[in-house]
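Undergrad: how would this look folded up:
(chains A and B)
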Protein chains: 2
Amino acid sequence: MAKIKKTPRPKAETPKGFRDYFGAEVTERAEMLARIAGVYHRYGFDALESAAVETVEALGKFLPDVERPNEGVFAWQEGEEEGKGDWLALRYDLTAPLARVYAQHRNDLPTPYRRYAMGPVWRNEKPGPGRYRQFYQCDADTVGSASPAADAETCAMLADCLEEVGIPRGDYLIRVNNRKVLNGVLEAMGVTDAAQAADVLRTIDKFDKVGEAGVRELLGKGRLDASGAYIDGVGLSDAQIEIVVGFLTSNLIVEEELRNGPPEPDGRIPGGMGETISGQPEATEHDGRVWNWAILDHLMRLVGSTEIGFQGIKELGEISDLLAAQGYGPDRITIDPSVVRGLGYYTGPVFEAELTFEILDEKGRKRQFGSVAGGGRYDDLVKRFTGQEVPATGVSIGVDRLLAALREKGRVGGTESGPVVVTVMDRDRMADYMGMVSEIRAAGLRAEVYLGNPKNFGNQLKYADKRGSPAAVIEGDDEKARGVVQIKDLILGARIAENATLEEWKERPSQFEVPRDQLVAKLREILAGQG
Amino acid sequence: MAKIKKTPRPKAETPKGFRDYFGAEVTERAEMLARIAGVYHRYGFDALESAAVETVEALGKFLPDVERPNEGVFAWQEGEEEGKGDWLALRYDLTAPLARVYAQHRNDLPTPYRRYAMGPVWRNEKPGPGRYRQFYQCDADTVGSASPAADAETCAMLADCLEEVGIPRGDYLIRVNNRKVLNGVLEAMGVTDAAQAADVLRTIDKFDKVGEAGVRELLGKGRLDASGAYIDGVGLSDAQIEIVVGFLTSNLIVEEELRNGPPEPDGRIPGGMGETISGQPEATEHDGRVWNWAILDHLMRLVGSTEIGFQGIKELGEISDLLAAQGYGPDRITIDPSVVRGLGYYTGPVFEAELTFEILDEKGRKRQFGSVAGGGRYDDLVKRFTGQEVPATGVSIGVDRLLAALREKGRVGGTESGPVVVTVMDRDRMADYMGMVSEIRAAGLRAEVYLGNPKNFGNQLKYADKRGSPAAVIEGDDEKARGVVQIKDLILGARIAENATLEEWKERPSQFEVPRDQLVAKLREILAGQG
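TA: The predicted structure follows:
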């Protein structure tokens, strides 16, 4: 800690877009992260903690010839003199640092390298309501495995994590797609121009917002925006548009088909699926093999003729097979072609975990809670450093959103209790009071002596209230002389003050006098009674 | 994750002075921090997590008129255009952010506000061996209490923390001093010039390095440095120097005095001490009251005539009394006038926790492990923001040094085990192997399927070795047909390979064949046998 120079009085403010987290906000997040880490660890992943600071070069998000590469990240230049040192930046996610770590230490690390990481990341973006420039991520990745088993396992682990932290089965759904299927769609449409392909992908990504009709307009001639602006269309033919829409609405189409009974297996589905569903599967709503078979069958009809599409469907078949073998049915993990996340980044299977229960939004309207985690396969990130292709797949959990969901469901919160407060009736007997808290703490209870100015006793009880203390202990001269202490049950006291009639008040006192040597026993009893 | 632009291949390196932490390095630190947080919490402290980023103005270390205020911290300027936005910086400790938090939220926070915080801090300093630019701190502070009871409690809590994480009593010592006593020394010497006072304090701070003779030279005419350079002296008189040396060597002097029996209490010691040591205390080595009384008596003779010195001794007396009442004797917490840490910053009691066991340094010489935590009272930090004096006291634990000490003592490490590895004998039966790990994990054991290329079976076992796996599971076609699995005890296997004679090898096989349905039971047995 350096000397504080005399300066005009500084503003006591967090920088814009940053915030402080207090008490239970911190401990509940830590508890949730510890549970997730436990699942990751049981799955065989090892912890990794890299520094918050990376070179801009290693993060790889920016051109080196930009004079001030601080868009999107917090970046600065090293060294005394301008223009001489390396550009450094705060990490904006945990995946880019992983690629750097693996490339740097690959000779010492096992292959595959399976690591989990958790911690804050930083984005130099415009902050908004509930949108901060520092937030937590919690990732697990497998680097060096091309096997769809690694993707399948990541999805299974994600389901386990959600259940472990308190999201019950039925309240979440992990939707899986494959980037290669998407590329197959483009190929089947005959879109070869890179710019046009990018336009199509951007439009597909808007499906959730604008719906089928909107996508049709945007892919065709264009669309009048809600704001009144006219958005130019991609200019595809009706036949091309039909392929995209058929792809995006796969689930609806297949649902309709399944109402007429399970489809006849015709041996066209590649991969493991073909083997496991060799007979006629029974059509029950929750039979994952039928559902997945039907979806894959549908995708085969759409893009099975393209090599990349066929490969994507094959991988989805393997993933779905492996998950079925472990008992993860489509009530938990399902193939869903409308998942199109992270378009520029993923190279194979992609997945997204959504919470399906409804909450009220700011305007009081019901809506699904939505996405809390996502991930997929990214085979090119390590290659940036080494030139060699290193296949990788992983998941990132949006810690703060998941925590908000748990609060919404009442799965966290309300359990943090303040300390028992030993009040100071006689300033000269501080040693007695300190001895008392030592005794209470030794019994495993949370406790403290009031350390503010003890002159005004009311302030001491106000302090205990503000701390959410379960009880206050009082030992004045009179009590000391008689060998007793007074204990105030502050939770009961508050309840009585709120609701009680005079009779109840008298019958259920919230203050107890006990012999000094029964202090801890009585506190235990009171705390147990409060639940 | 944004698109990766095509650029020349980036270097896969951490920035200078930063490092990555792997596996047990991460989990052991997390475990230690959780234990410390448990103690802080039991003492009534609430968690606080502020952002890594603060305004340079709030951090308060730098002049606002410096053009590029990035000395000592990592700082950058906000906004698109140079010279327009706020200067932001990574926090360099957890105390400066606490002062900002308290000033910002003081109307909502209880008073006293007691918080703990843990997390990385950043220093833009030249890195050295074992000296990194990002490291962890773990602090607890009480803001808004002027009571020496708050200081005493902080010391007691620090002792509890050290024992909780595994430093046994006798292996640590918390030494307490008071900045006011130091100011009393300056006053008793007649040093009133601020520059000369700063010189004296700087010299006192060198006592540990240069010893008594060195301090005498530096305070007087000057001293020939080890490097051959001549250091100018402060130019004090012999009488003045005698006061400083008498102060710095208080402990030696008092030890000598106590060999002649306990001193006669003469009522000169102020504060609680006067009352508790009213009779003739017995002189045993571990009798804290005698030791502390004798030290305070000695300080009274040196600086008791100055108002500030008297005040400092009175506070030390109260602290020592409160600690004695809770059973923290001088074998754990002791008054030691040679503690002179954080000269520019602290305003009252200061303390430092040292580990007293010996380790070998880089050159193989024995030395004490040294300081792992420190703190004290700083009454002016919040005032910077609000103009109102807010007394505060707290402690900061040097997480990485403490962890290194625990490793040195064998109190952490060696417990992290790799996952059971289920090998892949038949690529087409991946679903079977995945089902197997599900089963093993459901039993609470750490497990994974080998996800690399399964072609070379030797690579699978090498992988398991590299992961520190306790066992590998093998199920080929033959085993599958016979309804059995092979389990390799990798720890036993390695031990046998190292030491065993051929006879032992035969008698204690490290590979077992068990029926498939006894897989989990046998794994449990093997892992239990490994301890």
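Undergrad: What parts of the stretch 101-250 of chain A come near chain B?
TA: Contact residues, the stretch 101-250 of chain A versus chain B (CB under 8 Å from any CB of the partner chain): A:101, A:103-105, A:110-112, A:114, A:120, A:122, A:133-134, A:142, A:144-147, A:149-150, A:152-153, A:156. To be clear about C-beta, it is placed using only N, CA and C from the backbone, and glycine gets the same treatment.
Undergrad: just checking, residue A:465 touches residue A:493?
TA: No - proximity of residue A:465 to residue A:493 does not meet the contact threshold set by CB atoms under 8 Å, at 9.3 Å.
Undergrad: Would you quantify the distance from the residue lying closest to residue A:135 once chain neighbours are set aside to residue A:33?
TA: Residue nearest to residue A:135 in three dimensions, not counting chain neighbours: residue A:400, with 5.4 Å by CB to CB, 6 or more residues apart in numbering or on different chains. Counting by CB to CB, to the nearest Å, the separation of residue A:400 from residue A:33 is 11 Å.
Undergrad: out of those two, which sits in the more crowded spot?
TA: It is residue A:33, of residue A:400 and residue A:33, that has more neighbours when counted by other CB atoms under 10 Å in any protein chain shown, with 20 against 17.
Undergrad: list the contacts for that one?
TA: Counting by CB atoms under 8 Å, 6 or more residues apart in numbering or on different chains, residue A:33 makes contact with A:118, A:136, A:138, A:399.
Undergrad: same thing with residue A:453?
TA: Residue A:453 neighbours (CB under 8 Å, 6+ apart): A:459, B:146.
Undergrad: now the most centrally placed residue in chain A, nearest residue through space, not along the chain?
TA: Taking CA atoms, centre = their mean as the criterion, residue A:398 is the residue nearest the geometric centre of chain A, at 2.3 Å. Once flanking residues are discounted, residue A:398 sits nearest to residue A:372: 5.3 Å by CB to CB, 6+ apart.
Undergrad: That neighbour: how many residues sit nearby?
TA: Around residue A:372 there are 24 residues (other CB under 10 Å).
Undergrad: residues of the helix or strand that contains it that come out buried?
TA: Element membership for residue A:372, per DSSP states H and E: strand A:366-377. Across strand A:366-377, burial judged by 16 or more other CB atoms under 10 Å in any protein chain shown covers A:369, A:372, A:373, A:374, A:375, A:376, A:377.
Undergrad: And those residues, which is the shakiest by pLDDT?
TA: By pLDDT, residue A:369 ranks lowest within the buried residues of strand A:366-377, coming in at 86.
Undergrad: My read is that that one contacts residue A:353, right?
TA: No - Residue A:369 is not in contact with residue A:353 according to CB under 8 Å; the separation is 10.7 Å.
Undergrad: outside of stretch A:49-58, which residues touch it?
TA: A:62, A:64, A:69, A:73, A:75, A:86-91, A:96-98, A:100-101, A:117, A:119-120, A:122, A:385, B:10-15, B:18-21, B:25-26, B:52, B:74, B:90, B:120, B:122, B:133-134.
Undergrad: Show only the entries of those found in helices.
TA: A:96, A:97, A:98, A:100, A:101, A:385, B:25, B:26 (DSSP state H).
Undergrad: would CSV of these with distance to residue B:511, pLDDT and neighbour count be doable?
TA: Output for the ones in helices among the contacts of stretch A:49-58, formatted as CSV (distance: CB to CB, whole Å; pLDDT from 0 to 100; neighbours: other CB atoms under 10 Å in any protein chain shown):
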residue, distance to residue B:511, pLDDT, neighbour count
A:96, 42, 92, 22
A:97, 40, 95, 26
A:98, 35, 96, 22
A:100, 40, 96, 28
A:101, 35, 97, 25
A:385, 40, 93, 22
B:25, 32, 93, 19
B:26, 33, 95, 21
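Undergrad: Please enumerate the shared neighbours of residue A:400 and residue A:33.
TA: residue A:136.
Undergrad: Show me what residue of the stretch 251-400 of chain A gets nearest to chain B.
TA: residue A:325 (3.6 Å; CB to the nearest CB).
Undergrad: count of neighbours near that residue?
TA: Residues within reach of residue A:325, counting by other CB under 10 Å, total 19.
Undergrad: low pLDDT regions in the stretch 301-450 of chain A?
TA: A:341-344, A:414-415 (pLDDT under 70).
Undergrad: Phi and psi next, for the closest residue to chain B within it.
TA: The stretch 301-450 of chain A approaches chain B most closely through residue A:448 (3.1 Å), counting by CB to the nearest CB. The phi/psi pair for residue A:448 (degrees, to the nearest 10) reads phi -150, psi 160.
Undergrad: Tell me if I'm right that residue A:244 and residue A:215 touch.
TA: Yes - the criterion here is CB under 8 Å, and residue A:244 meets it with residue A:215 at 6.9 Å.
Undergrad: shared neighbours of those two, anything?
TA: What both residue A:244 and residue A:215 touch, as defined by CB under 8 Å, 6+ apart, is the set A:203, A:204.
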